[in-house]
Every structure is written in structure tokens, then in C-alpha cells.
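Undergrad: one predicted model, sequence on top.
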Amino acid sequence: PQNDSWKALAPLPAKRGSAVAAVVNGRIYSIGGAANHPGSRETFIDRTRGRPSLHRAVGTNDAYDPATNRWESRNPMPTARNHAAVGVVNGKIYVIGGRIGSVFMSTASNTDIVEEYDPATDQWGGIKAPMPTARSGGAWGVHQGRIYVAGGEGRTYQFSAAFKAVEAYDPAANAWIVLPPMQVQRHGLAGSVLGN
């Protein structure tokens, strides 16, 4: 950003999309996402050819060290998913919700699962308190030890919808707080925390 310039760095060990990324101790952790089935000859994930590509949600966990420009494979996430939310609190990474099965909402299911990863030990802990509203494709941010998740989308046999929901996860209490909803429902959005 200082020079408003880009440069190529070491690529991810394997192609995938819709992963989450979190920073702990100067390393970037790229977790989950979606990728082609092993052995697939398809070069990308597509659903415009009359049939969806052969792909799946993955639990891949790769750590990038900017100091060495190298990736390291870490312990995979137990629940493979994409379009999740993520937050770092006290050096631990929390992956929240997301889609299981497919990258496309029309052929996926949302999950309410919250999993905790400790980069220091390279271990995933037990499943935490489930998010009140299972969803994917929302925005997230961390403020004062809580991970806030806003918006997202969902689908059942009866409906497809975007959410107004705003909820905060408190890892210290292993509990969720339901907050006032956004005024407009949306999905595929970005969020950030600035000051308070």
C-alpha cells in the first residue's frame, strides 16, 4: 500500500476459492474454501455449462510466512467448508458457519459450526457454541474480543434468502449475542472494524 504496487509471491500450494484468511504472529492462515475434486481435469469451478463443475468444500489449512515467502501445510480443519466467517481472538483462529458440500448456494447447505484452531500447537479444538443463524457469505470483524458476523445467505427447499442478522461470538464465554439486525439484508459483503 505504501507504494501502491503489486508483486507476485509464492502461490498457494493448491488452487481454491472462497477460503477465509487470518493473521497470527505474522503468518497468514488460509483455511477452507472450495476446490475441484481430486483427479478432476477441469481447470476452474463453473456452473454455467448446464451442469455444475465437479468440486467440493475443503478443510485445507495453509500458513504463509512473508519473511520467507513460503507456504506450509498445517492441520486441516475438521469441517470442510467455504464462504465462512473468521476471527482471531487471543492468538486463536475461529472459523464460523459457511457452506458445506458445494461452493454454490443452490447446491450447498449452510452450517452453524464454530471451530477453534490454535496455530501454536497446530491443533483444532472441540466444536464451540453454534451460531444462532446458520449462514454463509456474510461479513465479519473482531472488536474487543468478540467476533461479529453480519448478513449472509441461506437456502432451504422452501426459500432462498439474504439475511439482516448481526450476531457476535464471545470466545471467552463460548456464547453468542444476538444484536439488532441491519436495516437491509445482504450477502457477499465485506466488513471491517475501525477504532470503536
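TA: Noted; the coordinates are in hand.
Undergrad: can you map out the helices along the protein?
TA: Read by DSSP state H, the chain holds no helices at all.
Undergrad: low-confidence ranges in it?
TA: By pLDDT under 70, the low-scoring segments of the chain are 37, 39-53, 105.
Undergrad: show me the residue sitting in the middle of it in space.
TA: With distances taken as Cα atoms, centre = their mean, residue 84 lies nearest the centre of the chain, 3.0 Å away.
Undergrad: what's the neighbour count on the nearest residue to that residue once chain neighbours are set aside?
TA: What sits nearest to residue 84 in space, not counting adjacent residues and going by Cβ to Cβ, 6 or more residues apart in numbering, is residue 98, at 3.0 Å. Where C-beta positions appear, they are placed from N, C-alpha and C, glycine not excepted. Using other Cβ atoms under 10 Å, the number of residues around residue 98 comes to 32.
Undergrad: any idea how far residue 98 lies from residue 178?
TA: 19 Å (Cβ to Cβ, to the nearest Å).
Undergrad: ok, residue 91 next?
TA: 27 Å.
Undergrad: just residue 73 next, same as before
TA: Taken as Cβ to Cβ, the span from residue 73 to residue 178 is 37 Å.
Undergrad: now do the contacts for the closest residue to residue 72 other than its chain neighbours.
TA: Using Cβ to Cβ, 6+ apart and skipping residues adjacent in sequence, the residue nearest residue 72 is residue 63, 4.9 Å away. Residue 63 makes contact with 27, 28, 29, 30, 71, 72, 74, 119, according to Cβ atoms under 8 Å, 6 or more residues apart in numbering.
Undergrad: what do you get for residue 69?
TA: Taking Cβ under 8 Å, 6+ apart, one finds 9, 10 in contact with residue 69.
Undergrad: and residue 143, how many neighbours?
TA: 13.
Undergrad: that one contacts residue 196, correct?
TA: Yes. Applying Cβ atoms under 8 Å as the test, residue 143 and residue 196 come out as touching, 7.4 Å apart.
Undergrad: wouldn't residue 29 be in contact with residue 12 here?
TA: No. Look at residue 29 against residue 12 with Cβ under 8 Å: they stay out of range, at 11.8 Å.
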